[in-house]
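Visitor: Show me the folded form of this:
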Amino acid sequence: MSALPPLREVIARHGLSASKALGQNFLLDAQLLARIARIPGDLSGAEVFEIGPGPGGLTRALLMAGARVTAVERDHRCLPALAELAAHFDGQLRVIAGDAMAIDAPALFPDAPPHIVANLPYNIGTPLLVGWLSAPWRPWWQTLTLMFQREVADRIVAPVDSEHYGRLSVLAQWRANARLAMPVHRSAFTPPPKVMSAVVHLTPLDSPTGVSLATLERLTAAAFGQRRKMLRQSLKGLAGAAAAMEALGIAPTRRAETVSVAEFVALARALDG
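Guide: Residues are numbered from 1 along each chain as shown. A predicted model of the protein is given here:
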């Protein structure tokens, strides 16, 4: 197999530039991209789903790790560069021109659940994650390895009673082990974004029984919507919340950021009961 041309050469040859409208920031450092591709574990022969590959930097690293990659790209300017990559890795790369927010991703993987690995466009990262975590459980994917703005990454993995702990923390952690896998400096991107980034790795857990996602979302929306208020005030609009807190020994004078994921799940279960 012939050597791949440098990614910068591919970008220059195809006249590519990161689109601000599409939330693009290209990663070109091959060593950094290889580190990201190692986060899910051994990908030899594994199915991987990538969103927004752009010119294919992370795609290269995943293919070189032995993965079979399905990549969804909305930016038609990038498709010729990805087609070259598909030709180089014969049979390993499937490129789909489309919008990741609209595509039926589970239908792409009827035989084996994929690892989702992506340098997500910042403008769709959180909605995609929330959608994947809110779908029927257990999920259609094996693991998530995703690049976010550092602030969003911190919210996903935040422990209880910390600055970044909130609704996104609870949503992620009631259904998954979530860890910050590696920080990524803004200077690693072309062009450099204004903010720092980080890669988060999520592995699904068994979903707690006897509690619905809808109830948990209503509960956390009320609690964190007025996070500086005591629970007795922020949850007063939820029927049964006061009795549930009393039964579970959760003091109504506490604030939302002090309530653990397990306590939120217990509250939601009591409200559903």
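Visitor: And the helices in the stretch 51-200 of the chain?
Guide: For the stretch 51-200 of the chain, the helices defined by DSSP state H, counting those that start in this stretch cover 57-64, 79-88, 125-134, 150-157, 167-173.
Visitor: which parts of the second one are buried?
Guide: Across helix 79-88, burial judged by 16 or more other Cβ atoms under 10 Å covers 81-82, 84-86, 88. Placement of C-beta: from N, CA and C, glycine included.
Visitor: any low-confidence regions in this protein?
Guide: The model of the chain has pLDDT under 70 over residues 1-2, 18-24.
Visitor: Stretch 124-134: which residues count as buried?
Guide: Here stretch 124-134 shows 124-126, 128-129, 132-133 as buried, counting by 16+ other Cβ under 10 Å.
Visitor: Can you check the distance spanned by stretch 35-47, start to finish?
Guide: Counting by Cα to Cα, to the nearest Å, you get 18 Å between the two ends of stretch 35-47.
Visitor: residues of that stretch that come out buried?
Guide: With burial defined by 16+ other Cβ under 10 Å, the residues of stretch 35-47 counted as buried are 36-37, 39-40, 43, 46-47.
Visitor: Just these: which are in helices?
Guide: Within those, residues falling in helices by DSSP state H are 36-37.
Visitor: What about the buried residues of stretch 35-47, which are in strands?
Guide: The strands, defined by DSSP state E, take in Glu47 from these.
Visitor: Can I get the buried residues of stretch 35-47 in JSON lines including distance to Met64?
Guide: Compiled in JSON lines, the buried residues of stretch 35-47 are given as follows (distance: Cβ to Cβ, whole Å):
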{"residue": "Ile36", "distance to Met64": "12"}
{"residue": "Ala37", "distance to Met64": "7"}
{"residue": "Ile39", "distance to Met64": "15"}
{"residue": "Pro40", "distance to Met64": "14"}
{"residue": "Leu43", "distance to Met64": "10"}
{"residue": "Ala46", "distance to Met64": "13"}
{"residue": "Glu47", "distance to Met64": "16"}
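Visitor: can you name the two of the buried residues of stretch 35-47 that are farthest apart?
Guide: Ile36 and Glu47 (17.2 Å; Cβ to Cβ).
Visitor: For the helices of the stretch 51-200 of the chain, give me TSV that also has distance to Gln142.
Guide: Shown next, in TSV, are the helices of the stretch 51-200 of the chain (distance: least, Cβ to Cβ, whole Å):
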stretch	distance to Gln142
helix 57-64	14
helix 79-88	23
helix 125-134	12
helix 150-157	18
helix 167-173	16
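Visitor: Quick one: closest of these to Ala188.
Guide: Ala188 lies closest, by Cβ to Cβ, to one member of the helices of the stretch 51-200 of the chain: helix 57-64, at 10.6 Å.
Visitor: could you say what helices and strands that closest one packs with?
Guide: strand 26-27, helix 30-38, strand 47-51, strand 68-73, helix 79-88, strand 115-119 (3 or more Cβ pairs under 8 Å, 6 or more residues apart in numbering; DSSP states H and E).
Visitor: Run the chain-centre distance for that helix.
Guide: Distance, stretch centre to chain centre, for helix 57-64: 18 Å (Cα atoms, centre = their mean, to the nearest Å).
Visitor: do the same with stretch 167-186
Guide: The chain centre lies 8 Å from the centre of stretch 167-186; the measure is Cα atoms, centre = their mean.
Visitor: And it, what's buried?
Guide: With burial defined by 16+ other Cβ under 10 Å, the residues of stretch 167-186 counted as buried are 167-176, 178, 180-182, 184.
Visitor: Stretch 242-256 now?
Guide: 244-245, 250, 254-256.
Visitor: Now go through the residues you listed and say which are in helices.
Guide: Residues of those located in helices (DSSP H): 244-245.
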